[in-house]
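[1] prediction below, plus the sequence it came from.
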Amino acid sequence: MRKIAILGTGPLPIERDSYIYSSSNRTWHVAKGLLDSGHRVHVIAFRPTRVERGQRKLDPEHRTFEDGAFTLDSVEEMIHFRNDAFLRARLEGFGPDLLIGVNAFPAARAAALVPSIPFWADMNGFGMGEVQVRARLTGRDEAIPHGWGDELPALVHADVFSAASGPQRYALVGELAAIGRLRASTCGYEFVHVIPNGREDPPPSTDSPPLRSDLPEDAIVALWIGCYNYQFDTENLFKGLSIAMEKDPRIHFVSTGGQVDGHNEITFSAFRTQVDSSPHRDRCHFLGWLDWLDFDALMRASDLGVSMDVPCYETEFGARNRLTEMMRVGLPAITTEGPEIARELVESDAGWVVPARSPEAFADALLAAAASPELRARKGANGRRLFLSRYTLSASLAPLLRWAENPWTAPDKGSQPLLLQAKTRDEGRGILGKLRRLTKG
């Protein structure tokens, strides 16, 4: 058994909070897998600041949970998580053998402590791809250097990395090359491993699913779950739903989740504006963030899941948590091509994958799914089999669990990356100077 400290994103599912983000699920994914393998785990997870009616809702409390080999510090971002002295004190009190940063920002906070113990950075999702899409939607490029600055500390200091997909692994290797960590001493060393977004597989919720009893008995529920972030194509989702709803009055769109407070409050608002002006608005139902029991019950009572992506590098390199959740409960999905997991759906006949930016193809798939309960059942069962083979905690975390049992450090640990060593007359000015300052230990 090892003592493993994790810096991650909250709130965790065990906190029974309705606002559970994909990054929160990723943190619990890693923590629970390590706990199940017999390790002692201490998680320090920050709670993202929420926004209600345009006002930021502050929650400064430091809450501690303990249960056997598990400890959780649920903390506020500015007071605690960005406070090096606080993090050092909590870690020193625990005395970890290993340190893991889950998601890019927590990995950067772990890196800021310049750990001497073995350090794994889980760079969950292609951050630079996401900030590119954000820049396109906002019309401003300021997010680009900030995105790189968020990733750089972990790229410099971590011994080993994980990506959420095979394509993201290649992107991470490229980022390491860009700062000079592909050097003589690291030739042949495997920096990056793939950890797909796995899930705990608890028994089905026994709660009555929200909304379902209020719909017509023959309603076909097309379910969206989770946040509406920059990489999701809500414009064509709306168009595709409108085409299908016009042709089949049984189709109802149900959405859980919503905006990403403090990060993206644009996409969901624009989608709601479209829906509110639709002649089919009475068949669109927005339930917001649900607690886990209601969420699980609703997924199991739905007929199919839906997702639609913007064609971009984030889509190509990233993961889709909602598709993993749908496979977990055997819910067949309609999604757009691009992500690695969409290709797996095609190969396993576990859903419908349509071209990006094609609302007509999306509508055709939705109508075909609505017309055939047998087809939905077959594809859902195939998705469940795919989940069990690849996305359980033990299957998805295999590389990390091996490292936890027999940890190692990078051959260049403690060395400044080669391409950040150069001194120029412009050092201290502009983005290069900023990035160098970010990496000083």
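    Nice, I can see it.
[2] residue ranges in the chain under the pLDDT threshold?
    Within the chain, the segments meeting pLDDT under 70 span 51-54, 422-441.
[3] so Phe238 sits against Gln274, correct?
    Yes. Applying Cβ atoms under 8 Å as the test, Phe238 and Gln274 come out as touching, 4.7 Å apart. For the C-beta atoms, the positions are set from N, CA and C on the backbone; glycine is no exception.
[4] quick one, which of the two is more surrounded?
    Phe238 (21 against 17; other Cβ atoms under 10 Å).
[5] which element is the more buried one on?
    helix 234-247 (DSSP states H and E).
[6] so what does that helix touch, helix or strand wise?
    Applying 3 or more Cβ pairs under 8 Å, 6 or more residues apart in numbering; DSSP states H and E, one finds that helix 234-247 contacts strand 251-256, helix 267-276, helix 359-371.
[7] deepest-packed of these, please.
    Mean neighbour count (mean count of other Cβ atoms under 10 Å) peaks for strand 251-256 among the helices and strands packed on helix 234-247, with a mean of 23.
[8] just want the most central residue of this structure.
    Ser22 (3.9 Å; Cα atoms, centre = their mean).
[9] please name the nearest non-neighbouring residue to that residue.
    Asn321 (4.1 Å; Cβ to Cβ, 6 or more residues apart in numbering).
[10] how many neighbours does the one you found have?
    Asn321 has 24 neighbours, counted by other Cβ under 10 Å.
[11] then Asn406?
    7.
[12] distance of it relative to Ile195?
    According to Cβ to Cβ, to the nearest Å, Asn406 stands 17 Å off from Ile195.
[13] which residues touch the nearest residue to Arg2 once chain neighbours are set aside?
    Distances taken as Cβ to Cβ, 6+ apart place Asp97 nearest to Arg2, at 4.6 Å, with adjacent residues excluded. Counting by Cβ atoms under 8 Å, 6 or more residues apart in numbering, Asp97 touches 2-4, 117-118, 407.
[14] cool, Leu34 as well?
    Applying Cβ under 8 Å, 6+ apart to Leu34 gives the contacts 4, 6, 41, 397, 400-401, 404.
[15] and if you look at Pro11?
    By Cβ under 8 Å, 6+ apart, the neighbours of Pro11 are 17, 19-20, 24, 45, 47, 74.
[16] if you set the cut-off to 6 Å instead, what comes out?
    Pro11 is in contact with 17, 24, 47, counting by Cβ atoms under 6 Å, 6 or more residues apart in numbering.
[17] save the residues you listed as JSON lines, and put in distance to Asn83 too.
    JSON lines is the format used below for the contacts of Pro11 (distance: Cβ to Cβ, whole Å):
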{"residue": "Asp17", "distance to Asn83": "22"}
{"residue": "Ser24", "distance to Asn83": "21"}
{"residue": "Arg47", "distance to Asn83": "14"}
